[in-house]
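Asks: Got a predicted model here, sequence first, then my questions.
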Amino acid sequence: MDHTTTTRTGAGTLIIGAGQAGLQLATSLRELGYTAPITVVGGEEHTPYQRPPLSKIFLSGLATAEDLLLRDAGFYIDNDIAIVSSEWIASVSLDDPADGRGEAVTRSGRVFPFEQVAFTVGGTPRRMQTPGTDLPGIHYLRTIDDASALRGELDVAAHVAVVGGGFVGLEIAASATAKGKQVTVLEAQDRLMARVVAPAMSRFYADAHTRRGTSIVLNAAVSGFRGEDGRVSGVELADGRIVAADVVVVGIGLIPHTELAAPLGIATERGIEVDSHGQTRIPGVVAAGDCAISEHPVHGTIRLESVPNAIAQAKAAASALLKREPGTLAVPWFWSDQADLKLQMAGLSMGYDEVVLRGEPDGEEFSALYYRERQLVSVESVNAPRDYMTVRRILEKGGNVPFGAAGDLSVPLKHHLAR
């Protein structure tokens, strides 16, 4: 349904995807003085909402669906932004392959002409390809409807298995453990969050979750799911073990939505290809958020899944559509709330060769500073927001914390900020 209407004539800008990136792009266009129509089309029935709390406070029952809304209805009216919900775009075509004008058609047959188009389509959870995956009680978490269904089943569950020891999996595990459930995390690799944190941080989180009552099983290859009385009852591992579970949550990664952009020649299975400012190779066609893959000056081709990245990319893409000078690229940053442990990260640690711990992990308040050839490239802080904010500012200024001084608690990190 349409939550707002626009009185302008003309095609204007079509934004496909009504998540954080889509709304930010629409908002940024208005802030930059764009006056033509803006239409944001999303397949969910909900107006744009925050996704990160789904695996945290929403799953824990500390927030309602209304609490997660990014804007109220008045905002869309005041800014003349049309939000079209419950409409999935089925195809996008361009009038000219070298120009951003064209039209999009929904599954229901509705047509949206546009003068320029933005893909903020996100992705879908990667699915298990093992026997028993269709059993009731097996969940994936991406939308507020997913989270609502999972929350209802967690309330009555006794044993919960979480397949995947990344951010989302561990956040869900922490929420379920806090509800008094017997929770087992099954991670296929030999450490938690292996794709994004150093081994020392992985060990800390494995120990911390274990102390809080969550069972952690590493090198756990899932071979299938067992059922009883018409719903899941356990997870089968390749070594023959059976993990009891009346609720299973799978969090093994995200597959970017590229099926609409691929026919235009601007996407591969890895993502929609954009430059550092969200612009595809076709003028008037941009992309932002979890679906976009771009070239990083240090790390090569990367796709980042985070709200801060979605916001930064959407702002840059809005500037690109209006042919404005792009702003300075932001240092990537992320966060993860797992029980009472707040992990904050800035920079990208890929390719680091040394890491320095600042503080004691046993005290659950410390930071890990990552270096490449003695140059600081990123920080991860656990319950140490001052460290995180200071190092983030240092990274934004292109500065450094001398390797030999990074672990010296007698010297505040802000001492290195002015250098």
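Replies: In hand now; what should we look at?
Asks: Residue 129 should be in a helix, yeah?
Replies: No: secondary structure of residue 129 (DSSP: H, G, I helix; E, B strand; the rest coil): coil, not part of a helix.
Asks: Phi and psi next, for the closest residue to residue 373 other than its chain neighbours.
Replies: Nearest residue to residue 373, sequence neighbours excluded (CB to CB, 6 or more residues apart in numbering): residue 353, at 6.8 Å. For the C-beta atoms, the positions are set from N, CA and C on the backbone; glycine is no exception. Main-chain torsions, residue 353, degrees, to the nearest 10: phi -120, psi -10.
Asks: hang on, residue 353 packs against residue 371?
Replies: Yes: the criterion here is CB atoms under 8 Å, and residue 353 meets it with residue 371 at 6.7 Å.
Asks: Which one of the two is surrounded by more residues?
Replies: Neighbours per residue (other CB atoms under 10 Å) separate residue 353 from residue 371, with residue 371 holding more: 19 against 10.
Asks: What strands line up against the helix or strand where residue 334 lies, and which way round?
Replies: Per DSSP states H and E, residue 334 falls inside strand 333-338. Sheet pairing of strand 333-338 (DSSP bridges) gives strand 341-347 (antiparallel).
Asks: C-terminal to the partner strand, which secondary structure element comes first?
Replies: Next in sequence after strand 341-347, counting helices and strands by DSSP H and E, comes strand 354-360.
Asks: what's the distance between that following strand and the middle of its chain?
Replies: Centroid separation for strand 354-360 versus its chain: 26 Å, with CA atoms, centre = their mean, to the nearest Å.
Asks: so after it, what's the next helix or strand?
Replies: Proceeding C-terminally, strand 354-360 gives way to strand 365-372 as the next helix or strand, assigned by DSSP H and E.
Asks: Please list the residues outside that following strand that contact it.
Replies: With contact meaning CB atoms under 8 Å, 6 or more residues apart in numbering, strand 365-372 is reached by 197-198, 200-201, 347, 349, 351-360, 376-384, 387-388, 391, 401, 403, 406.
Asks: swap the cut-off to 7 Å and go again
Replies: If you take CB atoms under 7 Å, 6 or more residues apart in numbering as the criterion, strand 365-372 is touched by 198, 200-201, 349, 351-360, 376-384, 387-388, 391, 401, 403, 406.
Asks: Convert it to PDB, retaining C-alpha atoms only.
Replies: C-alpha atoms of strand 365-372 as PDB (Å, rounded to 0.1, in the frame of the first residue of the first chain):
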ATOM      1  CA  GLU A 365      37.000  -4.300  29.100                       C
ATOM      2  CA  PHE A 366      39.800  -4.100  26.500                       C
ATOM      3  CA  SER A 367      40.700  -3.300  22.900                       C
ATOM      4  CA  ALA A 368      42.600  -4.900  20.100                       C
ATOM      5  CA  LEU A 369      44.600  -2.600  17.800                       C
ATOM      6  CA  TYR A 370      45.500  -4.100  14.400                       C
ATOM      7  CA  TYR A 371      48.600  -3.100  12.400                       C
ATOM      8  CA  ARG A 372      49.900  -3.600   8.900                       C
END
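Asks: average pLDDT across it?
Replies: The average pLDDT within strand 365-372 is 95.
Asks: Pull out the buried positions in the helix or strand just after it.
Replies: Per DSSP H and E, the first helix or strand lying C-terminal to strand 365-372 is strand 375-382. Within strand 375-382, the residues scored as buried using 16 or more other CB atoms under 10 Å are 376, 377, 378, 379, 380, 381, 382.
Asks: quick revisit: contacting residues for the residue nearest to residue 373?
Replies: Residues counted as contacts of residue 353 (CB under 7 Å, 6+ apart) are 371, 372, 373.
Asks: and what of residue 127?
Replies: Counting by CB under 7 Å, 6+ apart, residue 127 makes contact with residue 133.
Asks: Residue numbering should commence at 686 henceforth.
Replies: From this message on, residue numbering opens at 686, which makes the last subject residue 812.
Asks: Quickly note the distance from it to residue 818.
Replies: The spacing between residue 812 and residue 818, counted by CB to CB, to the nearest Å, is 7 Å.
Asks: same thing with residue 791?
Replies: For residue 791, the distance to residue 818 equals 29 Å [CB to CB].
Asks: Same question for residue 754.
Replies: Separation of residue 754 from residue 818 (CB to CB): 32 Å.
Asks: Can you flag the buried ones in the contacts of strand 1050-1057?
Replies: Taking 16+ other CB under 10 Å as the criterion, what is buried in the contacts of strand 1050-1057 is 883, 886, 1034, 1037, 1040-1044, 1061-1069, 1072-1073, 1076, 1086, 1091.
Asks: where in this protein is pLDDT low?
Replies: Across the chain, the ranges flagged by pLDDT under 70 are 686-695, 981-985, 1012-1014, 1103-1104.
Asks: rewinding a little: could you dump the strand holding residue 1019 to CSV, C-alpha only?
Replies: Taking Å, rounded to 0.1, in the frame of the first residue of the first chain, the C-alpha atoms of strand 1018-1023 are listed here in CSV:
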residue,chain,number,x,y,z
TRP,A,1018,32.7,1.1,11.6
PHE,A,1019,30.5,-1.7,13.1
TRP,A,1020,29.1,-2.8,16.3
SER,A,1021,27.6,-5.9,17.9
ASP,A,1022,25.8,-6.2,21.3
GLN,A,1023,26.1,-9.7,22.7
